[in-house]
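Visitor: Here is a sequence together with a model predicted from it:
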Amino acid sequence: MEYDEDKIDEVVLALLGFKAFEEDEYGARAWKSYDWDIMDRLHSKGYISDPKSKAKSVVLPPEGLKRSSELFEQYFASRR
């Protein structure tokens, strides 16, 4: 099956921000429990820190956290 990698990346970024923790002026941390190819693409787009480290989480810088919030609302907000 073919799929749109950009849409997959957007949904994963939205979910990373949804479960983020330790938020401060530098961004927030999120567990890196997603497919490595997706994480690499998000890193290359500047939305997360390099996932290739010993840490079990990645950093979402302020720009990545903001975009994550926008995408989460776009994909998952209730439209009542």
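Guide: Looks like it arrived, so ask away.
Visitor: Now the residue positioned nearest the centre of the chain: closest residue in space, sequence neighbours ignored.
Guide: Geometric centre of the chain, nearest residue: Leu13, 2.5 Å, by CA atoms, centre = their mean. Excluding the flanking residues, the one nearest Leu13 by CB to CB, 6 or more residues apart in numbering is Ser68, at 5.0 Å. To be clear about C-beta, it is placed using only N, CA and C from the backbone, and glycine gets the same treatment.
Visitor: can you check Leu71 too?
Guide: Nearest residue to Leu71 in three dimensions, chain neighbours excluded: Ala14, at 3.9 Å (CB to CB, 6+ apart).
Visitor: got a list of what the one you found touches?
Guide: Counting by CB atoms under 8 Å, 6 or more residues apart in numbering, Ala14 makes contact with Ser68, Leu71, Phe72, Gln74, Tyr75, Phe76.
Visitor: Out of those, list just those in helices.
Guide: Ser68, Leu71, Phe72, Gln74, Tyr75, Phe76 (DSSP state H).
Visitor: residue contacts, the fifth one?
Guide: Residues counted as contacts of Tyr75 (CB under 8 Å, 6+ apart) are Glu10, Val11, Ala14.
Visitor: quick revisit: can I have the buried ones of the contacts of Ala14 as a PyMOL selection?
Guide: This is the PyMOL syntax for the buried subset of the contacts of Ala14, where burial follows 16 or more other CB atoms under 10 Å:
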select buried, resi 68+71+72
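Visitor: Dump the contacts of Ala14 to JSON lines, plus pLDDT.
Guide: Formatted as JSON lines, these follow (pLDDT from 0 to 100):
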{"residue": "Ser68", "pLDDT": "97"}
{"residue": "Leu71", "pLDDT": "97"}
{"residue": "Phe72", "pLDDT": "96"}
{"residue": "Gln74", "pLDDT": "95"}
{"residue": "Tyr75", "pLDDT": "95"}
{"residue": "Phe76", "pLDDT": "95"}
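Visitor: Looking at the contacts of Ala14, which is nearest Glu22?
Guide: Using CB to CB, Ser68 comes nearest to Glu22 of the contacts of Ala14, at 14.6 Å.
Visitor: Perfect, that will be all.
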